[in-house]
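Chemist: No sequence on hand, only this structure:
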Ligand code: MLT
C-alpha cells in the first residue's frame, strides 16, 4: 500500500488552519485579549430574510409524503438552474443554458475537483499570490505548476505569459489582492487560451462586489470564452451561505478538450459523469434557499448586505491609508491588500500583539505575497471600526 506521494509536496497545513492554530495559541497565552478576526473571509451578517423564509418553507414541505425529497438531481434542481441562468446570465445578455450549470456545495470544492476530468500531465498556470486551493489541489494531482507574478507593477492583474499552459486559474475580483481583470485583460486571456488550446478556470466567487461599471461580470461576456472557459460562482460571499453551502459551476457545451487518441471530448459531458458518480447533490432545502436569493426581496436584501461589507472595505482602506499604509483592493472586492513593513508573518505577529487584530499574511498566498497583508471586509461594523482605531493608534 502506498500513499499519494504528491501530498508530501504540500505545505504542512492549509493556510487558514495555520492561522487558526496561531490565534488559539495566542488566546491561550492571553485569555483576556479581545481578538478581532479579519483573517479568513467568512461572513458575519445573518442570512437574508427571504432565504430564511424559503428554508422554513422547504423544511415544512418535508413533513408530507408529497413534499418529501430524497436524492435530487446531482447537478441541481431545475428551479435553481433556471433562476441562475435567467438572473446571472440572460439578464446580462449572456446566453447560458440550464444544462451548462452544475449546482454544488462550494466553489472551493469545484475549483479543486475540476482537475478530476483533466489530465495530470497538463501544465497549470496560476497567479502568484493566489488562493491556495488552486495550488494545493494541483500539487495533490502532481501537475507541473507555473507561476505568473501578480504585482503592484501590473496592478495585481497580470497579462498572459509567453509560455504555454494547458490550464489557467484566474480569480476576478481577486482573492487575495482585491484587483479585477478589465475587459481588455480578460480578452487577452481568452485569446491566449484559444491559441494555446488551454482551459481557463475562472473563479468569480466575489462577482457581487464589483462596483465599477465596465468590469466584466462573467468571462462569457468575452467573445470566444465559451470555447475555453469554465466559470465558478458561489452563494457564500454573495448571500451568506458559507455555512449553508451552495455554489455552481458553468461548463459550456461548446467547450471540449483532446483525448489521448486526438478526438475532442465535451467537458460538460465529463463533468456530468464525474458529478453523478462522486456527488449526490446539494440538499433540496439549501437549493430552495439559493433560489430565494433571486426573488425581488432576496435581491434587495443581498444588495444591502453587500453595501454593508463594502462600507467596511471603505473604512479599512481609508483607515489604513490614514495610518500611513499603502493599500490596494477593497473597491470591487471585499479584500484589502496592504503593503506591510517587513515580512508578512512578522507583521501578523506584530499586529496580533499590538492590536489583537487577526489578518492573513500575504506570503501565505505565494512568494509574491511576501511583504503584503490581507484584511477582510466581512467583519461586523463594530469590529471593523474598533480594529481600525486600534491600528491607527498602534502604528
Ligand atoms: C478566504 O479567506 O480566502 C476565503 O474565505 C477562503 C474560502 O472561500 O475558501
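Modeler: Thanks, I have the structure now. Keep in mind it's a predicted model, so treat the numbers as computed, not measured.
Chemist: use CA for all of it now, contacts and neighbours both
Modeler: Will do.
Chemist: buried ones in stretch 69-76?
Modeler: 73-76 (16 or more other C-alpha atoms under 10 Å).
Chemist: how long is stretch 74-88 end to end?
Modeler: End-to-end distance of stretch 74-88: 21 Å, with C-alpha to C-alpha, to the nearest Å as the criterion.
Chemist: now do stretch 200-212
Modeler: Note: stretch 200-212 ends 23 Å apart using C-alpha to C-alpha.
Chemist: what's it in contact with?
Modeler: With C-alpha atoms under 8 Å, 6 or more residues apart in numbering as the test, stretch 200-212 has contacts from 107, 111, 167-174, 190, 193, 217-219, 228-238, 306, 310, 331-334.
Chemist: which non-adjacent residue is nearest residue 233?
Modeler: Here the nearest residue to residue 233 in space, its sequence neighbours aside, is residue 205; by C-alpha to C-alpha, 6 or more residues apart in numbering that works out to 4.6 Å.
Chemist: sorry, that was for residue 306
Modeler: residue 209 is the one closest to residue 306 (C-alpha to C-alpha, 6+ apart), at 6.7 Å.
Chemist: residues contacting the closest residue to the ligand within the stretch 101-250 of the chain?
Modeler: Across the stretch 101-250 of the chain, the shortest distance to the ligand (C-alpha to the nearest ligand atom) belongs to residue 108, at 5.6 Å. Applying C-alpha under 8 Å, 6+ apart to residue 108 gives the contacts residue 133.
Chemist: what about it, helix or strand, and which?
Modeler: Using DSSP states H and E, residue 108 sits within helix 107-113.
Chemist: can you pull the buried residues of that helix?
Modeler: So for helix 107-113, counting by 16+ other C-alpha under 10 Å, buried means 107-108, 110-113.
Chemist: Report the distance from it to the chain centre.
Modeler: 9 Å (C-alpha atoms, centre = their mean, to the nearest Å).
Chemist: Including pLDDT, could the buried residues of helix 107-113 go into JSON lines?
Modeler: Shown next, in JSON lines, are the buried residues of helix 107-113 (pLDDT from 0 to 100):
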{"residue": "107", "pLDDT": "98"}
{"residue": "108", "pLDDT": "97"}
{"residue": "110", "pLDDT": "98"}
{"residue": "111", "pLDDT": "98"}
{"residue": "112", "pLDDT": "98"}
{"residue": "113", "pLDDT": "98"}
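Chemist: now, which of those residues sits nearest residue 150?
Modeler: Closest approach to residue 150 among those (C-alpha to C-alpha): residue 111, at 19.7 Å.
Chemist: near the ligand, which residues of the chain show up?
Modeler: When proximity is defined as C-alpha under 6 Å from any ligand atom, the chain approaches the ligand at 40-42, 108.
Chemist: Of those, select the buried ones using a ChimeraX command.
Modeler: Of those, the buried ones can be selected in ChimeraX as follows, counting by 16+ other C-alpha under 10 Å:
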select :40,41,42,108
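Chemist: ok, longest helix in this protein?
Modeler: Counting residues, the longest helix found in the chain (DSSP state H) is helix 296-322.
Chemist: For the ligand, see how far away residue 268 is.
Modeler: According to C-alpha to the nearest ligand atom, to the nearest Å, residue 268 stands 24 Å off from the ligand.
Chemist: What's the local residue count around the closest residue to residue 289 other than its chain neighbours?
Modeler: The shortest distance from residue 289 to any non-neighbouring residue, by C-alpha to C-alpha, 6+ apart, is to residue 51 (4.8 Å). Applying other C-alpha atoms under 10 Å, we find 26 residues neighbouring residue 51.
Chemist: For residue 4, see how far away residue 203 is.
Modeler: Counting by C-alpha to C-alpha, the gap between residue 203 and residue 4 amounts to 27 Å.
Chemist: out of the two, which sits in the more crowded spot?
Modeler: residue 203 (27 against 9).
Chemist: May I have the phi/psi pair for that one?
Modeler: phi -90, psi 110 (degrees, to the nearest 10).
Chemist: Any stretches of the chain with poor pLDDT?
Modeler: The model of the chain has no residue with pLDDT under 70.
Chemist: can you list the domains in it?
Modeler: For the chain, automatic domain parsing gives the domain ranges 5-46+297-394, 50-295.
Chemist: Sounds good, over and out.
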